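# this one's sequence-less:
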């Protein structure tokens, strides 16, 4: 179905639903084929010829999109058409139920997603970190009926030299992502375009502050589109995935001492001195850090890049959550420990917000005492059913461990030997004596 026709059909269905329900959210039926192409919108009477028949045959599927203003989709519910067996025609009393659409719960990534976030000044003198959590990113799309699956955006921004750059990125980057020319067709390229636009905008904005703002910020951002995630990293923030309890780094820290970064810095005219970019910066990629001295007039230091590295990954079974955090966390707690702590918390109580607060608290208190700001965003894809299963398994393992406590396992052949030795100690006469002949 053409996107413009679909948009008009959705608006028409919304207005029709509003005639029967003046306030609150309304549900608009949409029909998609096996390739997820949109083939019908609104009431069955408004569907193209043949669509209703294929829905009843389960060739096409129906979803209800819930909205309050025709622009933002709050949630969607997958429907499954019910048909009575052909060999047993329904009785007249039950004939109406034979063609009823029965609601079935959908367990999409979007519906499973839970988010927790926390930031703390730590043992630093000032707070320069910022972060963004946007559950419904589609509301920022230029076209309200763009045909894309539901999307979310999460970002952590580690500012340095002031808060200006981090605040600007917090307020604008996710909007620029949605407006990027390539974003709909190529999210990875769209993220790179948005970072470049943000760099340009911050250059203009910082030049008009009084005094001129030379602050900068590193960025780690995650876009969730359907069952795919896109990690954009710029600097030394980090994204870590927990897969069946094991950590998997989704980004690489951009340090000047990193071999690939050092080679790029030299190619771009910069230097690495004692592990610092041009002897000054501890990161090799960032937004901002413009030099407003008389000789530079707002130029970026040579070798400092604003182009992020973007990783794309399809979520698979066993992917449980992602931790986005600044270097204030990773300097004192490694990826393995962070994943273990968060997973233990989620299995125990399932509260993602509490898990984020606990992780930050561990980093800023004894024995770690992070000297930097600590900001954490945890995005959990773990369903409640999965959490309960893991908790039950944990309880079962603990019970088995307790039941065998104090019992030392000994191999069978060693048990036979030990029994012989024990018998000999109790009755020395039972042990045959060696005889000597003269």
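Yep, it's here. What you see is a predicted model; the values in this text were computed from it and never measured.
# What segments of the stretch 51-200 of the chain are strands?
Using DSSP state E, counting those that start in this stretch, the strands of the stretch 51-200 of the chain run over residues 61-67, 73-81, 101-103, 114-120, 129-134, 151-160.
# could you dump those strands to CSV with mean neighbour count and distance to residue 179?
From N, CA and C alone the C-beta is placed, and that goes for glycine too. Supplementary listing: the strands of the stretch 51-200 of the chain in CSV, determined by neighbours: other Cβ atoms under 10 Å; distance: least, Cβ to Cβ, whole Å:
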stretch, mean neighbour count, distance to residue 179
strand 61-67, 17, 22
strand 73-81, 16, 19
strand 101-103, 12, 36
strand 114-120, 20, 23
strand 129-134, 21, 14
strand 151-160, 25, 13
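# give me the low-pLDDT residue ranges for the stretch 201-350 of the chain?
Judged by pLDDT under 70, the stretch 201-350 of the chain has its weakly predicted residues at 293-297.
# these two touch, right, residue 142 and residue 179?
Yes: taking Cβ atoms under 8 Å as the definition, residue 142 is a contact partner of residue 179 at 6.3 Å.
# what about residue 389, how many residues close to it?
Other residues lying near residue 389 total 12 when counted by other Cβ atoms under 10 Å.
# so what pLDDT did it get?
What the model reports for residue 389 is a pLDDT of 92.
# hang on, the earlier thing: least reliable of the strands of the stretch 51-200 of the chain by average pLDDT, please.
Across the strands of the stretch 51-200 of the chain, the stretch with the lowest average pLDDT is strand 101-103; it has a mean of 40.
# what's the spacing between stretch 261-268 and its chain's center?
In terms of Cα atoms, centre = their mean, to the nearest Å, the centre of stretch 261-268 is set 31 Å apart from its chain centre.
# do stretch 200-218 as well
Taking mean C-alpha positions (Cα atoms, centre = their mean), stretch 200-218 and its chain are 30 Å apart.
# Show me which residues of that stretch are buried.
201-203, 206, 213-218 (16 or more other Cβ atoms under 10 Å).
# export these to a markdown table and tack on distance to residue 285 and secondary structure?
Conversion of the buried residues of stretch 200-218 to a markdown table gives the following (distance: Cβ to Cβ, whole Å; DSSP: H, G, I helix; E, B strand; the rest coil):
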| residue | distance to residue 285 | secondary structure |
| --- | --- | --- |
| 201 | 18 | helix |
| 202 | 14 | helix |
| 203 | 16 | helix |
| 206 | 18 | helix |
| 213 | 19 | coil |
| 214 | 17 | coil |
| 215 | 15 | coil |
| 216 | 10 | strand |
| 217 | 11 | strand |
| 218 | 7 | strand |
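# Redo those residues as a markdown table? Include distance to residue 138.
Listed next are the buried residues of stretch 200-218 as a markdown table, based on distance: Cβ to Cβ, whole Å:
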| residue | distance to residue 138 |
| --- | --- |
| 201 | 23 |
| 202 | 26 |
| 203 | 29 |
| 206 | 31 |
| 213 | 32 |
| 214 | 36 |
| 215 | 31 |
| 216 | 30 |
| 217 | 26 |
| 218 | 27 |
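# any idea where the helices of this structure begin and end?
3-18, 51-56, 109-112, 164-179, 187-207, 259-267, 327-330, 335-349, 352-364, 384-403, 412-426 (DSSP state H).
# Which strands and helices lie in contact with the longest one?
If you count contacts as 3 or more Cβ pairs under 8 Å, 6 or more residues apart in numbering; DSSP states H and E, helix 187-207 packs onto helix 164-179, strand 216-225, strand 228-234, strand 287-288, strand 309-314.
# How about residues contacting that helix?
With contacts defined as Cβ atoms under 8 Å, 6 or more residues apart in numbering, helix 187-207 is touched by 164-165, 168-169, 172-173, 176-177, 179-184, 212-215, 219, 221, 223, 225, 228, 230, 232, 234, 287-288, 290, 292, 298, 306-308, 310, 312.
# Which PyMOL command selects the buried ones in the residues you listed?
To isolate the buried members of the contacts of helix 187-207 in PyMOL, using 16+ other Cβ under 10 Å:
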select buried, resi 164+165+168+169+172+173+176+177+180+183+213+214+215+219+221+223+225+230+232+234+287+288+290+306+308+310
